[in-house]
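K.L.:
any chance you could fold what I've pasted below:
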Amino acid sequence: MANILCVDDEPHVVTLKCAILESAGHSVTACTSARDAIDKLRHNSYDAVVTDWRLGDANGRAVVQAAKDHSSMPVVVVSGYVAEAFQAAEPLADLYLEKPVNPEELVTIVNELLKNQEHEHSQSS
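P.N.:
The predicted model follows:
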């Protein structure tokens, strides 16, 4: 089970994404703003981040940057603006998925990224 931060400025969307990830056995913290997400990243430990790109108070790049500043955790951007997100300046997220995302695909991708990160940590220690 991983501890995942899920960010989307639409409350019903973040609730749905959290339910999908929780049904896969993960512990999920919901955020509806970039500011809240960045604050949570500074004060808590997460294994992965799933974020929208266009957030009301900022864009997803701020969330990706905050996540990558604190660790090598995988970051997945799920957005209707994938092309815009992908063309943004560094740092890049680990994966970009177009909304609406298939729930099984989201779970599979997050689990694979977590597995890869676990593998990298076990090799470096």
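K.L.:
can you tell me the element the residue positioned nearest the centre of the chain falls in?
P.N.:
Nearest to the geometric centre of the chain sits residue 50, at 1.8 Å (CA atoms, centre = their mean). In this structure, residue 50 sits in strand 48-51 according to DSSP states H and E.
K.L.:
within the sheet, what are the partner strands of that strand, with directions?
P.N.:
If you go by DSSP bridges, strand 48-51 pairs up with strand 3-7 (parallel), strand 75-79 (parallel).
K.L.:
need the next SSE after the first one, C-terminal direction.
P.N.:
Toward the C-terminal end, the helix or strand that comes next after strand 3-7 (DSSP H and E) is helix 11-23.
K.L.:
mind listing what's buried along that next one?
P.N.:
Within helix 11-23, the residues that qualify as buried are 13, 14, 16, 17, 18, 20, 21, counting by 16 or more other CB atoms under 10 Å. Placement of C-beta: from N, CA and C, glycine included.
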